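J.: No letters, just coordinates:
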């Protein structure tokens, strides 16, 4: 990315990625609030159905024409992987390990993204970027504190850890592979189509599990939480893809470390959970890691 407009766009991409990290953490808190009124598959279906409906009209206006036929399946597969398979793996893993440990494992997404991006040739690994990414992972571990050390289900903890790691790998793969399509089509158009594919996948999954028959009995505040999750997901996903189209995948995904930090902070604010010294240390480590990962590189760098 070169030229006089490169730096402002890169800065905006970082702001968009940071906002998405905060949005994901906020959506996690809202999900915790409403999950006892439904099941995970139905909630995911409603989340992305609302998101798709909000993106549909602006995507229609932003369209420069249809997708090329050869691009339809890859973009749909990316949407299904990011919103369907990733969530199924994460929910399965959470059956066996504590959520804090799952959050720490999922915080490896930037590291996996950096490795995949380097292997494919999309970006170059540097010492500062690698140290920055590792610091954010350490920071997440500090922020989650002793909750990370809670035992999982006896004899099955490794199964949950592998499932969450596979979920993180799905996120990393999608973050790297989206970029060619974001350079060919408007971000809104890609967002809406990928989300529509995931809605179809989740509808089939929910129907297969028989979720539609008894999972729509929300309270008023429950419906408000669902609407918040869906609306924020639409906005967050658009910002996420826009950021991926204007910055390297690693520099975008590293802001996912803000997600568990946000969840923990909102838990303290809304649920009166105490703020520990470890949380403060973790927050400082994450901020330092983000700063190192985004220090200006030489002009010859592709990152």
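T.: Thanks, I have it. Model, not experiment: these values are computed from the prediction. Residues are numbered from 1 along each chain as shown.
J.: Contact partners for the residue nearest to residue 138 when sequence neighbours are not counted?
T.: With sequence-adjacent residues excluded and distances taken as C-beta to C-beta, 6 or more residues apart in numbering, residue 138 is closest to residue 285, at 5.4 Å. Any C-beta I mention is one placed from the backbone N, CA and C, and that applies to glycine too. Listed by C-beta atoms under 8 Å, 6 or more residues apart in numbering, the contact set of residue 285 reads 135-136, 138-139, 142.
J.: Can you tell me which of those residues lies closest to residue 71?
T.: Lowest distance from residue 71 to the contacts of residue 285 (C-beta to C-beta) belongs to residue 136, with 32.6 Å.
J.: that older thread, quick check, pLDDT for the residue nearest to residue 138.
T.: We have a pLDDT of 84 for residue 285.
J.: Please spell out which residues along the strand or helix carrying it are buried.
T.: Per DSSP states H and E: residue 285 is located in helix 277-293. Going by neighbour count (16 or more other C-beta atoms under 10 Å), the buried part of helix 277-293 is 279, 282-283, 285-290, 292-293.
J.: Would you mind putting those into JSON lines with distance to residue 258 alongside?
T.: As requested, these are exported to JSON lines (distance: C-beta to C-beta, whole Å):
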{"residue": "279", "distance to residue 258": "13"}
{"residue": "282", "distance to residue 258": "11"}
{"residue": "283", "distance to residue 258": "10"}
{"residue": "285", "distance to residue 258": "12"}
{"residue": "286", "distance to residue 258": "7"}
{"residue": "287", "distance to residue 258": "10"}
{"residue": "288", "distance to residue 258": "13"}
{"residue": "289", "distance to residue 258": "11"}
{"residue": "290", "distance to residue 258": "8"}
{"residue": "292", "distance to residue 258": "15"}
{"residue": "293", "distance to residue 258": "13"}
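J.: Out of the contacts of residue 285, the closest to residue 242 would be?
T.: For those, the residue nearest residue 242 by C-beta to C-beta is residue 136; the value is 21.5 Å.
J.: close enough to count as contact, that closest one and residue 283?
T.: No - contact criterion C-beta atoms under 8 Å: residue 136 and residue 283 do not qualify, at 10.8 Å.
J.: Between the buried residues of helix 277-293, which sits nearest residue 107?
T.: For the buried residues of helix 277-293, the minimum distance to residue 107 (C-beta to C-beta) is 9.3 Å, reached by residue 286.
J.: Name the nearest residue to the closest one, sequence neighbours excluded.
T.: Per C-beta to C-beta, 6+ apart, closest to residue 286 is residue 139, 3.6 Å.
J.: Report the mean confidence score over the strand or helix carrying residue 193.
T.: Counting by DSSP H and E, the element that carries residue 193 is helix 187-208. Per-residue pLDDT values across helix 187-208 average out to 87.
J.: related to what we said a few turns ago, per-residue pLDDT, the residue nearest to residue 286?
T.: On the pLDDT scale, residue 139 gets 80.
J.: What count of nearby residues applies to it?
T.: Other residues lying near residue 139 total 25 when counted by other C-beta atoms under 10 Å.
J.: ditto for residue 221
T.: With neighbours defined by other C-beta under 10 Å, the count for residue 221 comes to 11.
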